[in-house]
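Engineer: coordinates only, no sequence provided:
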């Protein structure tokens, strides 16, 4: 049965740019010609879930590149997602839709957005992700953008904020897959950098200047140590292996921040470190274009085999507790915002309490799918809301701060600093301080090689309390996939008049785990 399966067959795609039909057709054709049956599709941003021409005005692309594509047909039910699909946001998105689903939710039946940051389970695999790209100018300010967007806010809305990194750094236990649109800074130093520069020679100036990639994502890679990390954005396939062994000499008790630094204390430790892999396998993929490496299918082993772990999306109990505890830190100021200096990780009792609230509201930890619906023609952008967000916040006893309620009679009680006093859930936190200057820069861990470019490091330390990790399989092979093998999808799509369907040629099986479509 599905529950008894040891592996999931997961397809990973780079930049979607609204080309869902081609992506699903490629998966379908690969299966038809001998490939494994795909259980899940992961998309690394630039999804462009555009329903209407009004949504198109919320996508940060030049006017000549704006086109409706076919996503709206998945909303109305004219088309059905071929496999369950999970995606994160990039820098070309229908920002009004993703804004309304800040905490995550379905944009169409069987197509799930992870939110601006999120952690979920699917079929016994734990998946985390952060949307957007890094821009130092906006990293330490609040989420101030509201529709209707200006040309400036249409771009700043997809810039990563420290709050989402701050939340993600509190995750403990094993993370199987991490999704990001931007690349972690310096990840190119751990793969074939010269080959990358041969393909994209203009990357060299960005690497040398320190403007390429996201430094906060490298912090998370070092701190969370996920088994697999997938990205897109730069429109090129690139693989790397980042070893964490240099960071595994820390004492069993101590305070560890996301950079891997340790400060000795009593009775505090990072739990379940031995369960994490000693290396992270990174893979970036291209966008959907003729002859480009935009899709890869692989087997990913399950790390949890509970009877209720079917092939559907479930809330992660720890993440829900983190969202609940840090809700008051969400700020709508467009000035500098500073995170708390030190924060205790959520306790097991807080995790249990948040999980119980979700179960009471939804009946289980499963994220309920949505039905097909009519497109919101004529809807005013300034009142954009989503019933999934309303229900999620209500389940946890939280109010709207940056998001808007669907019911405009619901009063938003927060002020411009995102202060929250409606429910006593943010234990251990005070409301965020008034805008202040960012803290001074702090050097990276001295043992890191190569040294990263200057960046705004975390201004906080995460203290983890001992707690039981999720149940795991008895063994976890680290060599789930060999990224050095050329196991990817590339295809040539000759133009087909009046149709977006793709033409597949010279498809052949490379091995049991991958299909390769030759360039023609």
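Structural biologist: Arrived safely, thanks for sending. Owing to the predicted nature of the structure, the values given are computational and were not obtained by experimental measurement. Numbers count the residues shown, from 1 in each chain.

Engineer: every contact and neighbour count from this point should use C-alpha atoms.
Structural biologist: Will do.

Engineer: doesn't residue 11 make contact with residue 297?
Structural biologist: Yes - between residue 297 and residue 11 there is a contact under Cα atoms under 8 Å: 4.2 Å.

Engineer: who has more neighbours out of those two?
Structural biologist: It is residue 297, of residue 297 and residue 11, that has more neighbours when counted by other Cα atoms under 10 Å, with 26 against 23.

Engineer: show me where pLDDT drops low in the stretch 1-150 of the chain?
Structural biologist: Scanning the stretch 1-150 of the chain for pLDDT under 70 picks out the ranges 1-5.

Engineer: which parts of it are helices?
Structural biologist: Assigned by DSSP state H, counting those that start in this stretch, the helices in the stretch 1-150 of the chain fall at 20-32, 53-56, 71-76, 95-100, 136-139.

Engineer: which one of those lies nearest to residue 356?
Structural biologist: Nearest of the helices of the stretch 1-150 of the chain to residue 356, taken as Cα to Cα: helix 95-100 at 24.7 Å.

Engineer: contacting residues around that closest one?
Structural biologist: 49, 55, 58-59, 89, 107, 113, 115-116, 147, 154, 157-158, 381, 384-386, 389, 403-404 (Cα atoms under 8 Å, 6 or more residues apart in numbering).

Engineer: hang on, the earlier thing: what touches both of residue 297 and residue 11?
Structural biologist: In contact with both residue 297 and residue 11: residue 38, using Cα under 8 Å, 6+ apart.

Engineer: for the closest residue to residue 149 other than its chain neighbours, give me its contacts.
Structural biologist: Leaving aside its chain neighbours, residue 149 sits nearest to residue 58 (7.2 Å; criterion: Cα to Cα, 6 or more residues apart in numbering). Listed by Cα under 8 Å, 6+ apart, the contact set of residue 58 reads 93-96, 149, 154.

Engineer: distance check, residue 58 against residue 401.
Structural biologist: Look at residue 58 and residue 401: by Cα to Cα, to the nearest Å, they are 21 Å apart.

Engineer: show me what the longest helix seen in the chain is packed against.
Structural biologist: For the chain, the longest helix by residue count, based on DSSP state H, is helix 348-362. Counting contacts by 3 or more Cα pairs under 8 Å, 6 or more residues apart in numbering; DSSP states H and E, helix 348-362 packs against helix 317-325, helix 387-395.

Engineer: deepest of these, which one?
Structural biologist: helix 317-325 (a mean of 23; mean count of other Cα atoms under 10 Å).

Engineer: past that helix, which element shows up next along the chain?
Structural biologist: Going down the chain from helix 317-325, the next helix or strand is strand 342-344, by DSSP states H and E.

Engineer: residue 340 and residue 323, how far apart?
Structural biologist: For residue 340, the distance to residue 323 - Cα to Cα - is 15 Å.

Engineer: same check, this time on residue 221
Structural biologist: 20 Å.

Engineer: what number of residues lie near residue 372?
Structural biologist: 16.

Engineer: out of the helices of the stretch 1-150 of the chain, which is closest to residue 214?
Structural biologist: helix 136-139 (9.1 Å).

Engineer: residues near the closest residue to residue 318 other than its chain neighbours, how many?
Structural biologist: Distances taken as Cα to Cα, 6+ apart put residue 351 closest to residue 318, at 5.5 Å, once the chain neighbours are dropped. By other Cα under 10 Å, the residues close to residue 351 number 19.

Engineer: check residue 310 too.
Structural biologist: 19.

Engineer: setting aside sequence neighbours, what's the nearest residue to it?
Structural biologist: residue 123 (5.0 Å).

Engineer: and the one you found, what does it touch?
Structural biologist: 3, 8, 302, 309-313.

Engineer: check residue 133 too.
Structural biologist: 90-91, 158-160, 181-182, 214 are the contacts of residue 133 under Cα under 8 Å, 6+ apart.

Engineer: and what of residue 168?
Structural biologist: 117-118, 220.

Engineer: separation between it and residue 127?
Structural biologist: 12 Å.

Engineer: please apply the same query to residue 198.
Structural biologist: From residue 198 to residue 127 the distance is 32 Å (Cα to Cα).

Engineer: helix or strand next in line after the lowest-mean-pLDDT helix or strand in the chain, which one?
Structural biologist: Ranking every helix and strand in the chain by mean pLDDT, DSSP states H and E puts strand 262-263 at the bottom, with a mean of 26. Next along the chain after strand 262-263, taking DSSP H and E as the criterion, comes strand 279-284.

Engineer: ok, and what's touching that next one?
Structural biologist: 14, 183, 221, 225-232, 236-245, 483.

Engineer: change it to 6 Å
Structural biologist: 226-232, 237-244 (Cα atoms under 6 Å, 6 or more residues apart in numbering).

Engineer: tell me which of those fall in strands.
Structural biologist: 228-231, 238-243 (DSSP state E).

Engineer: what subset of those is buried?
Structural biologist: Buried members of those, scored by 16 or more other Cα atoms under 10 Å, are 228-231, 238-242.

Engineer: that older thread, most tightly packed of the helices of the stretch 1-150 of the chain?
Structural biologist: Of the helices of the stretch 1-150 of the chain, the one with the most neighbours on average (mean count of other Cα under 10 Å) is helix 95-100, at a mean of 25.

Engineer: buried ones in the host helix or strand of residue 194?
Structural biologist: Using DSSP H and E, residue 194 falls within helix 193-199. Across helix 193-199, burial judged by 16+ other Cα under 10 Å covers 193, 196.

Engineer: following element in sequence after it, please.
Structural biologist: Heading C-terminal from helix 193-199 (DSSP H and E), you reach helix 203-209.

Engineer: pull the residues that contact that following helix.
Structural biologist: residue 212.

Engineer: how much space between the residue lying closest to residue 74 once chain neighbours are set aside and residue 69?
Structural biologist: Closest residue in space to residue 74, ignoring its immediate chain neighbours: residue 80 at 5.6 Å, by Cα to Cα, 6+ apart. Relative to residue 69, residue 80 is positioned 15 Å away (Cα to Cα).
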